[in-house]
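# coordinates for the following, if possible.
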Amino acid sequence: MSTDGIHVESGRATHAECAFPGHSVQLYRTDDYLVADLSRWLRPALTAGDSAVIIATERHQAGLQELLEAQSADVSRAIDEGRYVELDARDTLARFMPDGWPDAARFREFFGPVIDAAQAAARSREPRVYAFGEMVALLWAEHRYQAAARLEQLWNELLKSRTIHLRCAYPVNYFGAQGDGLRFLKLCGEHSRVISAEDQPHSYRIRSDRCRILSVSTNTRLLITRNDTLAVAGYSVASPKEPEEAAFLLATQPFDVIVIADSVRRKNRVELIRALRAIRSDIPIVFVHTGNEASEPLADLSVDVSSGSMALIAALDRQNPVRQIA
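From the prediction side, this is the model:
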């Protein structure tokens, strides 16, 4: 599914995502999961004769190479052929951030030749380059959010002149502080795909046989009333403290339906819905209104709740959402 040019998918990425170039971001909970997911992404590419550029920490480089070798990917040969390039993330940052801010010219001068050489070394019929980088994650860990965002933009600019399958990654525990909801929304906006961490094991995963609803509103009084009514009707409901935090909740927890109220301003709502679609395209979005706005074009369903939340429950029942979770 596509929304305004954004390719959307959910859960674990596979080699199928490599049918076209793009800039995806992987959210992850553990280093082991990240390395395993990267190996699933890169092994088919290397086996096909494509090239990989890995800009990572020493720990992730070693873990990825070891796992790829265990999966019968001849990394040593690929290195000798120039098809597998490893760069230290911290050292590479220093090459184009002389004053603590990404220098666009230095970035292009460094990565242009690196990508071109890797593509020239590829042995596949249609030479491709798969690049993974965690330089942005290092900047985020140091609370240098603007620098990380600028670096994401520089990669997007490079993608306009190079055919690269680009993946970056952030640990989910980097988010959660005040203001991170808006930052996370902006982060989603710099990527063509957001690969959710929701399918990874974690201690606080919701386990319930009830349909799980992500309920978003800026009207606290009505939100509480609506959520209480949904809970009494047998739904499991969670709400972010601020609407922009909904994207992060969706990326890290399982939900079956998203409910967004008309109290969320139209401009902010559009941005939020697009981010939610980029994270999970398979979850229906229901727009609830009290007569001020009759519908939301980006939503799957619009419901008038001016007479109360029971109208929403009736609509959900008619739509027959997944009520039983295996």
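# point to the residue nearest the middle of the chain.
Centroid check for the chain by Cα atoms, centre = their mean gives V194 as the closest residue, at 2.1 Å.
# these two touch, right, that one and V25?
Yes - with contact defined as Cβ atoms under 8 Å, V194 reaches V25; the gap is 5.6 Å. Using the backbone N, CA and C atoms, a C-beta is placed for each residue, glycine as well.
# list residues touching both of those two?
Taking Cβ atoms under 8 Å, 6 or more residues apart in numbering as the contact rule, V194 and V25 both touch C188.
# in what helix or strand does the closest residue to L87 other than its chain neighbours lie?
Spatial nearest neighbour of L87, chain neighbours left out: I55 (4.6 Å); criterion: Cβ to Cβ, 6 or more residues apart in numbering. Element membership for I55, per DSSP states H and E: strand 51-56.
# can you check F255 too?
Counting by DSSP H and E, F255 is part of no helix or strand.
# what's the pLDDT at V136?
As predicted, V136 sits at a pLDDT of 97.
# do H191 as well
At H191, the model reports a pLDDT of 90.
# I'd assumed A278 was in contact with it.
Yes - the criterion here is Cβ under 8 Å, and H191 meets it with A278 at 7.2 Å.
# so between the two, which is more surrounded?
Per other Cβ atoms under 10 Å, whichever of H191 and A278 has more neighbours is A278, with 27 against 23.
# tell me the buried residues in stretch 63-74?
Within stretch 63-74, the residues scored as buried using 16 or more other Cβ atoms under 10 Å are G63, L64, Q65, L67, L68, A73.
# closest to E157 among those residues?
Taking Cβ to Cβ as the measure, L64 is the one of these closest to E157, at 26.5 Å.
# could you pull up the residues touching that closest one?
So L64 contacts V35, L38, S39, L42, I54, A56 (Cβ under 8 Å, 6+ apart).
# pretty sure it sits in a helix.
Yes - per DSSP: H, G, I helix; E, B strand; the rest coil, L64 lies within a helix segment.
# and it, how far from A52?
For L64, the distance to A52 (Cβ to Cβ, to the nearest Å) stands at 9 Å.
# overlap in contacts, these two.
Between them, L64 and A52 have L42 as joint contacts when contacts are counted by Cβ under 8 Å, 6+ apart.
# tell me which residues touch the residue lying closest to P284 once chain neighbours are set aside, please.
Leaving aside its chain neighbours, P284 sits nearest to D300 (4.4 Å; criterion: Cβ to Cβ, 6+ apart). Residues near D300 by Cβ under 8 Å, 6+ apart: P284, I285, V286.
# and the first one, backbone torsions?
Summarising the backbone geometry of P284 under the convention degrees, to the nearest 10, its torsions are phi -70, psi 140.
# quick one: it and L301 touch, right?
Yes - between P284 and L301 a contact is recorded at 6.7 Å, counting by Cβ under 8 Å.
# more neighbours: which of these two?
Set P284 next to L301 and count neighbours by other Cβ under 10 Å: L301 wins out with 18 against 15.
# contacts only, for the more buried one.
Contacts of L301 (Cβ under 8 Å, 6+ apart): P284, I285, V286, F287, A315, Q319.
# just the closest of those to D31, please.
The closest of the contacts of L301 to D31 turns out to be I285 (Cβ to Cβ; 33.2 Å).
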